[in-house]
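>>> Sharing a model that was predicted from the sequence below.
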Amino acid sequence: MAILMRFCTLIVNVLCLPLHLMEAVGLYHIYKRIFPICLYRISITYNKKMYERKKELFRSLTQFTKPGGQLTLLEIGCGTGTNFEFYPAGCKVICTDPNPHFEKYLKKSMDENDHLKYERFVVASGEDMGSVEDESVDAVVCTLVLCSVNNIPQTLREAHRILRPGGAFFFMEHVVADPATWSYFFQHVLQPFWYYFGDGCETTRETWKHLESAGFSELKMKHIEAPLVFVIKPHIVGYAVK
């Protein structure tokens, strides 16, 4: 099966040669203007299918509000703001994303979720959030982002840095499937194409291993099978406490 997988992946790579060339000469950057439109539509479907899972996950956010204070939350890779409806009322939200073209949709989501207090939008990658102070937030949220960052350990170090002691990192991420499954086979075969479709998204990451070694004091994590297309069906969901 491994030989067949490598052969099929090679074929897909050949078919993706025009996309490889576009990226090499800088033309793929145009897609970053189009991607927010695609993600906005995809996120609506994702939220419908994962509604109960998200509701259950973010119900725990209020546990990390400082006594007598306001919950301050930073979302890495906020995209179009599809998590906003799940955040508790009065929550102060800081948004970061490396793609500035998401801001239009972000403002729309904020207008639709006036139970939140929108602090600011920072154009920054998860690996470098230097404009955010150390130990300045109660919670960091990261959903469907660790699949596309360039460096997962560095992103987790940044999340750990900006969290106050006792704060929590919330995550919901698709991950690589069990090697004995056909999902694993097709994740690897389709990865060259999926990378471009998902603006750098990788379906073959063992993200849970990075979370386990990130230095958090407590990790609550579940492996689940999401009701989604088989390529992104395997998920991990939970939170890690600093």
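Perfect, I can see it now.
>>> Just the buried positions in the longest helix along the chain, please.
When the chain is parsed with DSSP state H, its longest helix is helix 31-49. Within helix 31-49, the residues scored as buried using 16 or more other C-beta atoms under 10 Å are Phe35, Pro36, Leu39, Tyr40, Ile42, Ser43, Tyr46. Placement of C-beta: from N, CA and C, glycine included.
>>> With adjacent residues omitted, what lies nearest to Ile236?
Leaving aside its chain neighbours, Ile236 sits nearest to Trp208 (5.1 Å; criterion: C-beta to C-beta, 6 or more residues apart in numbering).
>>> again, but for Leu4
Closest to Leu4 by C-beta to C-beta, 6+ apart is Phe185, at 7.9 Å.
>>> now the protein, which segments are flagged as low pLDDT?
Scanning the chain for pLDDT under 70 picks out nothing.
>>> Tell me how far Thr9 lies from Ser217.
39 Å (C-beta to C-beta, to the nearest Å).
>>> Compare the two (neighbour count), which wins?
Between Thr9 and Ser217, Thr9 has the larger neighbour count (other C-beta atoms under 10 Å), namely 16 against 9.
>>> which SSE is the more buried one in?
Taking DSSP states H and E as the definition, Thr9 sits inside helix 2-15.
>>> related to what we said a few turns ago, return the distance of the residue nearest to Ile236 relative to Tyr239.
Relative to Tyr239, Trp208 is positioned 13 Å away (C-beta to C-beta).
>>> Isn't Leu106 up against Cys95?
Yes: counting by C-beta atoms under 8 Å, Leu106 does reach Cys95; the two are 6.0 Å apart.
>>> what's the overlap in contacts for these two?
Cys78, Gly81, Phe121 (C-beta atoms under 8 Å, 6 or more residues apart in numbering).
>>> Three-state assignment for Lys209, please.
Secondary structure, DSSP: H, G, I helix; E, B strand; the rest coil: Lys209 is helix.
>>> Tell me how many other residues surround it.
That count, for Lys209 with other C-beta under 10 Å as the rule, works out to 11.
>>> That one and Ala159, how far apart?
Per C-beta to C-beta, Lys209 is found 16 Å from Ala159.
>>> same check, this time on Gly69
For Gly69 relative to Ala159 (C-beta to C-beta), the value is 20 Å.
>>> So for the two, which sits in the more crowded spot?
Neighbours of Gly69 and Ala159, each counted by other C-beta under 10 Å, are more numerous for Ala159; the result is 27 against 9.
>>> which non-adjacent residue is nearest that one?
Closest residue to Ala159 apart from its sequence neighbours, by C-beta to C-beta, 6+ apart: Val140 at 4.5 Å.
>>> Return the residues in contact with the residue nearest to Leu4.
Counting by C-beta under 8 Å, 6+ apart, Phe185 touches Met1, Leu4, Met5.
>>> let's see 10 Å
By C-beta atoms under 10 Å, 6 or more residues apart in numbering, the contact list for Phe185 reads Met1, Ala2, Leu4, Met5, Cys8, Thr9, Ala177, Pro179.
>>> which SS class is the residue nearest to the spatial centre of the chain?
Geometric centre of the chain, nearest residue: Val145, 2.1 Å, by C-alpha atoms, centre = their mean. Following three-state DSSP, we place Val145 in the coil state.
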